[in-house]
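Chemist: generate a structure from the sequence data that follows.
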Amino acid sequence: SRFVRHLPECVTSGRFFGTWQLVQLLARGSRRVAARYPGVKLTVGELSSRAGGDIDGHRSHESGRDADVGFYIRRSDGSTYSGNQKFVEFDGAGRGLAPNGGLRFDAARNWELVSKLVSDDDSRVQFIFVSRGLRQLLLDTAAKRKASAELIERAAAVMVEPTHGNPHRSHFHVRI
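Modeler: Numbering: from 1, shown residues only. Take a look at the predicted model:
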């Protein structure tokens, strides 16, 4: 797609199989972000294997309803960063962790994506795993952009930091 690319470090796994609903949801979300904020693509990591079932490194990703989705990133000077060769970890304030201290979580683009995912009419998002600090940045951005109370409430309900395992400081885990 013109708006989506696969995370290079995940390409060799071949785990890019998802339900039609999930794949189309990600395509719609990436198109919306690109229309509002041109210049970057949505980075997609692992989904599921062709036959489904357990895959190494994941407690889910078994049925084509899960996707690891990289964050939109900018440089500390505000310029667009499109060099996502791997997922980048951020602290709760949206600053890149070493060795990526010059990178920032792009709250505007990431909110645009989340708002599309949680308001999509054709695919129902069950969860978006993301760390608490980044979740708060996204909700603050939604309020500044005067998103509807209903949309903010839905996003707040869907975005959670897992209680066990990966806190999701480097990517979204989207489950439909």
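
Chemist: from Gly102, how far off is Leu113?
Modeler: To Gly102, Leu113 is 22 Å away according to CB to CB, to the nearest Å. Every residue, glycine included, has its C-beta placed from N, CA and C.

Chemist: which residues does Ala67 contact?
Modeler: By CB atoms under 8 Å, 6 or more residues apart in numbering, the residues touching Ala67 are Gly18, Leu22, Leu26, Val44, Gly45, Glu46, Leu47, His173, Val174.

Chemist: how about the last one, phi and psi?
Modeler: Comment: the main-chain dihedrals of Val174 come out as phi -100, psi 130, following degrees, to the nearest 10.

Chemist: now the third one
Modeler: Dihedral angles phi and psi of Leu26 (degrees, to the nearest 10) take the values phi -60, psi -40.

Chemist: what's the separation between it and Gly102?
Modeler: 28 Å.

Chemist: mind giving me the packing neighbours of the one helix or strand in the chain whose mean pLDDT sits lowest?
Modeler: Lowest by mean pLDDT, DSSP states H and E among the helices and strands of the chain is strand 4-6, with a mean of 83. When contacts are defined as 3 or more CB pairs under 8 Å, 6 or more residues apart in numbering; DSSP states H and E, strand 4-6 packs onto helix 20-36, strand 42-44.

Chemist: ranges for the helices of the chain?
Modeler: 20-36, 107-119, 132-144, 149-158 (DSSP state H).

Chemist: so can I have TSV of those showing mean neighbour count?
Modeler: Rendered in TSV, the data for those read as follows (neighbours: other CB atoms under 10 Å):
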stretch	mean neighbour count
helix 20-36	18
helix 107-119	21
helix 132-144	18
helix 149-158	15
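
Chemist: grab the nearest non-local neighbour of Gly39.
Modeler: Leaving aside its sequence neighbours, Gly39 sits nearest to Thr80 (CB to CB, 6 or more residues apart in numbering; 4.9 Å).

Chemist: who does the one you found bridge with?
Modeler: Residues in a beta bridge with Thr80, per DSSP bridges, are Arg74.

Chemist: is it in contact with Pro38, as I believe?
Modeler: No. Thr80 is beyond contact range of Pro38, at 9.0 Å (criterion: CB atoms under 8 Å).
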